[in-house]
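Chemist: quick one, fold the following:
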Amino acid sequence: MSGHSKWAKIKHKKGATDAKRGAAFTKVIREITSCAKAGGGNPETNVALRAAIQRAKGINMQSSNIENAIKKGTGELPGVVYEDFSFDAYGPGGIAMIIVGLTDNKNRTTAEIRNVLSKKGGNLASPGSTSYLFAKKGFISIEKDKTTEDDLMTIALDAGAEDIKLEGNYFEVTSGPADFEKVKGAIKAKNIPTVTEEVTMIPSTTMRVGGSEAKQLLGLMEALEDQEDVQNVYANFDIPDEEMEKLQQE
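Modeler: Model (predicted):
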């Protein structure tokens with residue numbers, strides 16, 4: 001299973017705790033505000049905002065908080081101005097990483113991320129040195145006992161999916177970013193439950209890591225995503241399934 005798939009499932013599991021949910025609230029509020037500022041406050045015409053609102057609802061955020069975040073983005077309410085950032089980095093074992101987020105102080109954020117990387121066996125890289133290894137894709141994972149491969153292929157490919165493959169106990173559906181909502185809608189219309197659904201960065205190649213490097217890498221990924229300014233961390237690692245299970249139990 002690819003690093004992205006595994007990390008998505010780890011995040012899904014960890015997101016159940018109160019502390020993680022609180023951090024998720026902060027991050028998605030920033031995202032909603034930023035999307036509304038960039039593309040307007042109407043989710044019908046602002047696809048990025050619509051996706052952010054769906055994520056907010058997925059973690060049970062109150063409608064009033066969503067509305068206020070939108071109004072801060074459109075200027076109807078006062079609020080902090082956030083700017084996007086993206087850092088190329090390397091993790092333990094030479095794993096390529098992209099760290100993206102929203103900040104109101106890029107100098108502070110850069111220092112904080114550099115500090116986390118240094119403590120956890122990683123380092124910042126020059127712009128573009130790792131990002132070329134990733135492509136923006138729609139990504140949906142589904143437990144394999146929730147549907148059949150033939151049915152899923154018919155549904156997803158007809159809706160515009162690029163690829164469907166079985167990885168371990170999960171079907172993974174990828175699409176172009178523009179087709180993601182259509183593919184997701186087609187799957188949901190058939191009442192097939194999903195584990196992960198997002199527009200993300202998928203690596204073109206992966207690197208296998210194990211042992212202490214794998215443990216250190218997962219610690220780095222979590223430490224980075226615990227940073228308030230960081231929205232997502234993408235990496236091209238591949239950890240064997242049996243080793244991943246052991247690490248999650250520690």
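
Chemist: tell me the helix or strand right after the helix or strand encompassing Ile164.
Modeler: Secondary structure from DSSP states H and E places Ile164 in strand 163-167. Where DSSP H and E defines the elements, the next helix or strand beyond strand 163-167 is strand 170-175.

Chemist: which other helices and strands does that next one contact?
Modeler: helix 3-14, strand 134-143, helix 149-159, strand 163-167, helix 180-189 (3 or more CB pairs under 8 Å, 6 or more residues apart in numbering; DSSP states H and E). Using the backbone N, CA and C atoms, a C-beta is placed for each residue, glycine as well.

Chemist: before we move on, the earlier item: with just CA atoms, put the strand holding Ile164 into PDB.
Modeler: Output of strand 163-167 as PDB, limited to C-alpha atoms (Å, rounded to 0.1, in the frame of the first residue of the first chain):
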ATOM      1  CA  ASP A 163      -7.700   4.500 -12.100                       C
ATOM      2  CA  ILE A 164      -9.000   1.900  -9.600                       C
ATOM      3  CA  LYS A 165      -6.800  -0.600  -7.800                       C
ATOM      4  CA  LEU A 166      -7.000  -2.900  -4.900                       C
ATOM      5  CA  GLU A 167      -4.400  -2.200  -2.200                       C
END
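
Chemist: burial of Thr130, as a residue count?
Modeler: Residues lying near Thr130 (other CB atoms under 10 Å) number 23.

Chemist: three-state assignment of Glu67?
Modeler: Under DSSP: H, G, I helix; E, B strand; the rest coil, Glu67 falls in the helix class.

Chemist: and if you look at Glu44?
Modeler: Under the three-state scheme (three-state DSSP), Glu44 adopts coil.
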